[in-house]
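[1] When you get a sec, could you give me coordinates for this:
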Amino acid sequence: GESGAGEEEGGEKSMERVFLQTNPLTEAFGNAKTIRNDNSSRFGKFIRIHVTKSHRISEAYIEHYLLEKSRVTHQAEGERNYHIFYQLCAGAGEDMLAVLKLSAASAHKFSRQGKCLSIPGVDDSADFRTTKNALSSVGIPPTAQEGIWRILAGILHLGDIEFGALKDGSGTMNDGAEDVACRVLGLEPADARTALCQRKIKAGLEVLQVPKSRMEAILSRDAVSRALYTRLFDWLLERINEVLSAQVSGSSSSSSVGCIGLLDIFGFEILEENGFEQLCINYANEKLQRYFNDQMLSSEQEEYAAEEVEWVRVDYEDNLSVLELLEGKPEGILPILDDQCLFATATDSSFLQVLSKKHASSKDFTQPKLKHTSFLVKHSAGSVEYLVLGFLDKNKDQLYSDLTELLASSRVSIIK
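    Model (predicted):
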């Protein structure tokens, strides 16, 4: 069309419509009910929005951080898994449920752990229709949507696999749930059984299959489940960004005259039980607080003083000491955690022992008396007690090669 005939404005409006449809998707797959918030974001995102002279969106990009992977396999009492699991169980029609072999959310371990299946005022079935419409609106084709539902159903079925223990301590699994999970995820049951219940060990030029204990098999199942959800979430955000970029290609992306950056991240979290995830969240908030202090308080007041501007000085609490405790090298909490992860014999308990020894005199660090499983950090927003259980495994975030190979063999393309 001729310049000024409306093609560019139409493209800008199309971009806005697509961008607005991303919100129900990120909420469905990235939000969950917590004790304090029925729709809590369990990941951080930074959105860059480029705008035109006419104040329309010309381009957008979403970066995501700190997805709470552990929620996929464990929820505290009174909390739920990600919304999308409940939407699928409530909103999928009979035909889809039959294909996916799904039942109500109450029938699956990974969706009932928190003993909270519904949220007052929320219709999961209606929200599922909204999510499906949003997927279509951002250009996710029906075949890809089928892959999404298969992954979600497969995760729920994996959670229903029960492991027993043989006399030699090795783990076994119930064939029913395993077969269903493999059928939905496009895996061979024999390969899944081997990967979950055995470990490959190299002995010279020879590769041996060593039986895992029951607990090791459970941890492998949970690791695979978290890896599946993480891959799905990453894939979805990549598709969204591709679509947001594609919307611009037909119009003039160079018409952008400015960029707005929006950071949506967890606030400080002080829960009844705080773990590795809360430490990461609170560390990020300390960094943001430090940046705010430097940019909005310290540097501005220094400029006022240099220019001899009269003002009422704003006093603020400096959080440099707690940041040094968290990130200072080589004896900060996070560097020590990284070091401990390098030792095969290190445990959560040995990690805590090193922390207590290194920071015994710190004003921001305390190990509660008569407790050998936690430490306390005095943050800007208050003191937080962290349970060390799972710190090393979560920091490693390691999926062993045999489990990686299992996922690579899936016939569901999103998983590979």
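[2] how is the protein carved up into domains?
    7-157+224-264, 276-396 (automatic domain parsing).
[3] of all the ones you listed, which gets the most neighbours per residue?
    Stretch with highest mean neighbour count among the domains of the chain: domain 7-157+224-264 (a mean of 18; mean count of other CB atoms under 10 Å). Using the backbone N, CA and C atoms, a C-beta is placed for each residue, glycine as well.
[4] quick one: what helix or strand has residue 371 in it?
    Per DSSP states H and E: residue 371 is located in neither a helix nor a strand.
[5] contacting residues around it?
    Residue 371 sits next to no residue when contact means CB atoms under 8 Å, 6 or more residues apart in numbering.
[6] Can you add mean pLDDT and distance to residue 196 and give the domains of the chain back as TSV?
    Listed next are the domains of the chain as TSV, based on pLDDT from 0 to 100; distance: least, CB to CB, whole Å:
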stretch	mean pLDDT	distance to residue 196
domain 7-157+224-264	91	7
domain 276-396	94	16
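[7] ok, residue 280 to residue 26 distance?
    19 Å (CB to CB, to the nearest Å).
[8] Output the strand or helix carrying residue 98 as CSV - backbone C-alpha positions only.
    Taking DSSP H and E as the definition, residue 98 sits inside helix 94-100. Presented in CSV, the C-alpha positions along helix 94-100 are these (Å, rounded to 0.1, in the frame of the first residue of the first chain):
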residue,chain,number,x,y,z
GLU,A,94,-13.4,-35.8,27.6
ASP,A,95,-11.6,-36.7,24.4
MET,A,96,-8.4,-34.8,25.4
LEU,A,97,-8.5,-36.2,28.9
ALA,A,98,-8.8,-39.7,27.4
VAL,A,99,-5.8,-39.2,25.1
LEU,A,100,-3.7,-37.8,28.0
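[9] That helix packs against which elements?
    In terms of contacts (3 or more CB pairs under 8 Å, 6 or more residues apart in numbering; DSSP states H and E), helix 94-100 is packed against helix 142-159.
[10] one step back: including distance to residue 270, could the domains of the chain go into CSV?
    Below are those laid out as CSV (distance: least, CB to CB, whole Å):
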stretch, distance to residue 270
domain 7-157+224-264, 10
domain 276-396, 5
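[11] For the stretch 151-300 of the chain, which segments are assigned as strands?
    163-165, 171-173, 198-203, 206-211, 256-264 (DSSP state E, counting those that start in this stretch).
[12] Residue 118 is nearest to which of these?
    Of all those, strand 256-264 sits nearest to residue 118, with 25.6 Å by CB to CB.
[13] what's the offset of that closest one from the middle of its chain?
    24 Å (CA atoms, centre = their mean, to the nearest Å).
[14] Can I get the strands of the stretch 151-300 of the chain in a markdown table including distance to residue 54?
    Output for those, formatted as a markdown table (distance: least, CB to CB, whole Å):
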| stretch | distance to residue 54 |
| --- | --- |
| strand 163-165 | 60 |
| strand 171-173 | 60 |
| strand 198-203 | 60 |
| strand 206-211 | 63 |
| strand 256-264 | 10 |
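[15] Out of those strands, flag the one nearest residue 334.
    strand 256-264 (21.1 Å).
[16] sorry, back to before: what about the domains of the chain, which gets the closest to residue 412?
    Nearest of these (CB to CB): domain 7-157+224-264, 5.0 Å.
[17] buried residues in the helix or strand hosting residue 404?
    Element membership for residue 404 (DSSP H and E) is helix 401-408. Within helix 401-408, the residues that qualify as buried are 402-403, 406-407, counting by 16 or more other CB atoms under 10 Å.
[18] Go through those and name the one nearest residue 275.
    When the buried residues of helix 401-408 are compared against residue 275 (criterion: CB to CB), the nearest one is residue 403, at 22.7 Å.
[19] What pLDDT is listed against that closest one?
    Per-residue pLDDT puts residue 403 at 96.
[20] Just confirm it contacts residue 195, I think it does.
    Yes - with contact defined as CB atoms under 8 Å, residue 403 reaches residue 195; the gap is 5.5 Å.
[21] anything in contact with each of these two?
    Joint contacts of residue 403 and residue 195 (CB under 8 Å, 6+ apart) are 220, 224.
[22] In contact with the spatially most central residue of the chain, which residues are there?
    In the chain, the C-alpha nearest the mean C-alpha coordinate belongs to residue 67, at 1.6 Å (CA atoms, centre = their mean). By CB under 8 Å, 6+ apart, residue 67 lies in contact with 30, 42-43, 230, 233.
[23] and if you look at residue 209?
    If you count contacts by CB under 8 Å, 6+ apart, then residue 209 has 194, 198-201 around it.
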